[in-house]
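A.B. asks: Quick check, what structure comes out for this input:
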Amino acid sequence: MAVTLHDVARLAGVSIKTVSNVINDYPHIRPVTREKVEAAIAELGYTPNLTARNLRSGRTGVIALALPDLSLAYFAELAAQVIREAEAAGLVVVVEQTGADRDRELELLRSPRLKLTDGLIFSPLGVGPEDVAALDVPYPMVLLGERIFDGPADHVTMRNVEAARAATEHLIARGRRRIAVIGAHDGESMGSATLRMRGYRQALEAAGIPYDDDIIGRTTLWHRANGADSMREILARGAEVDAVFGLNDTLALGAMRALRQADLRVPEDVAVIGFDDLDEAQFSFPTLTTVDPGREWIARTAVATLLERIAGKTDAAPRTLLADFRIRERESAV
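C.D. replies: Okay, the predicted model is just below:
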């Protein structure tokens with residue numbers, strides 16, 4: 001027999017109304033009560049039917065989007081775009097923030113909350129290649145980002161190496177030879193920083209410019225303060241710099257602040273380029289030249305790909321889908 005709300009309520013020791021409130025994500029529910037209901041739903045395998053359409057289709061009309069940190073502008077803008085694309089397809093999006101914590105990301109993949117959704121768009125920062133088996137989940141999933149490649153799920157991502165090389169070549173073509181980097185990560189085996197550094201070094205090598213570790217700024221986080229601090233550290237070494245490549249726009253904006261504080265003009269003394277094409281880049285002073293990595297395409301393709309899997313329209317092996325990129329030329333690197 002089909003599992004009912006009565007069954008869930010009985011197992012969780014709560015009222016049917018409380019179960020309904022949890023399913024509909026009513027905000028004023030004690031965490032311990034929510035956990036009991038979600039555990040009962042998972043144990044019984046209950047799937048809520050939110051509308052008559054969903055009753056016929058066996059789907060909820062809800063998808064989950066898991067991102068590391070919504071305080072980072074890139075992820076906030078990506079979330080907004082995914083929500084727009086999902087709404088256009090008649091879907092509701094539940095957003096999960098993982099804090100880029102490996103344990104939280106792995107816990108999310110096993111969470112009973114996902115039984116209340118039709119699928120997951122997952123952008124991890126904590127898990128790595130050693131966790132690839134955890135991505136073999138019993139529900140449709142699309143993977144974003146650069147932490148795991150060749151996994152058991154469709155992967156929608158950007159051309160980090162090629163785009164970073166193009167950004168560096170943009171600076172070289174304007175006569176810049178001492179190109180600092182802000183945002184390198186020590187000890188990272190795979191991720192955005194590693195791939196973008198690879199593109200940077202390829203561009204230097206092709207132009208016959210020697211790599212100089214003294215002008216590489218290392219950070220853990222990619223916030224404005226980290227960009228400014230890394231730029232100050234490079235300048236404090238007395239290193240000669242005539243350009244800066246921020247591995248994301250936020251770092252580049254922080255670096256521009258530090259350059260201005262050091263009485264260095266952008267772009268006359270030091271050209272600056274970023275990566276991500278945030279909305280903010282159009283309104284900085286000077287406006288920020290940056291890489292547009294195809295964020296809108298990534299959001300649109302992630303939603304469309306997930307919908308294909310949910311509808312069972314394809315049984316193809318997991319695919320890697322790569323966005324095109326372009327350089328957005330503005331005032332900071334002319």
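A.B. asks: Can you show me the helices along this structure?
C.D. replies: Taking DSSP state H to define them, one finds helices in the chain at 5-12, 16-23, 31-44, 52-57, 73-88, 102-109, 160-172, 192-207, 224-236, 249-261, 295-311.
A.B. asks: Pull out the buried residues from the first one.
C.D. replies: Of the residues in helix 5-12, those with enough neighbours to count as buried (16 or more other Cβ atoms under 10 Å) are Leu5, Asp7, Val8, Ala9, Leu11, Ala12. Where you see a C-beta, it was placed from the backbone N, CA and C, and this is true even at glycine.
A.B. asks: Now do it: distance to the chain's middle.
C.D. replies: Between the centre of helix 5-12 and the centre of its chain there are 37 Å (Cα atoms, centre = their mean, to the nearest Å).
A.B. asks: do the same with the second one
C.D. replies: Centroid separation between helix 16-23 and its chain, computed with Cα atoms, centre = their mean, is 32 Å.
A.B. asks: Pass me the low-pLDDT residue ranges in the chain, would you?
C.D. replies: 1, 25, 27, 48-58 (pLDDT under 70).
A.B. asks: domain parsing for it?
C.D. replies: What automatic domain parsing lists as the domains of the chain is 1-46, 61-157+297-326, 160-292.
A.B. asks: quick one: contacts for the residue nearest to Arg34 when sequence neighbours are not counted?
C.D. replies: Closest residue in space to Arg34, ignoring its immediate chain neighbours: Val22 at 5.5 Å, by Cβ to Cβ, 6 or more residues apart in numbering. Applying Cβ atoms under 8 Å, 6 or more residues apart in numbering to Val22 gives the contacts Ile29, Thr33, Arg34, Val37, Glu38, Ile41.
A.B. asks: and if you look at Val8?
C.D. replies: Val8 sits next to Val19, Val37, Ala40, Ile41, Leu44, Tyr46 when contact means Cβ under 8 Å, 6+ apart.
A.B. asks: Nearest to Val181 among those?
C.D. replies: Ile41 (47.5 Å; Cβ to Cβ).
A.B. asks: State the distance from the closest one to Val19.
C.D. replies: To Val19, Ile41 is 8 Å away according to Cβ to Cβ, to the nearest Å.
A.B. asks: Just the buried subset of the contacts of Val22, please.
C.D. replies: Buried, going by 16+ other Cβ under 10 Å: Thr33, Arg34, Val37, Glu38, Ile41, out of those.
A.B. asks: gap between the second one and Glu296?
C.D. replies: What it means is Arg34. Going from Arg34 to Glu296 by Cβ to Cβ gives 34 Å.
A.B. asks: Also the fourth one?
C.D. replies: When distances are taken as Cβ to Cβ, Glu38 and Glu296 turn out to be 33 Å apart.
A.B. asks: cool, and the third one?
C.D. replies: Computed as Cβ to Cβ, the Val37 to Glu296 distance reads 37 Å.
A.B. asks: Ok, the last one next?
C.D. replies: If you measure Ile41 against Glu296 using Cβ to Cβ, the figure is 35 Å.
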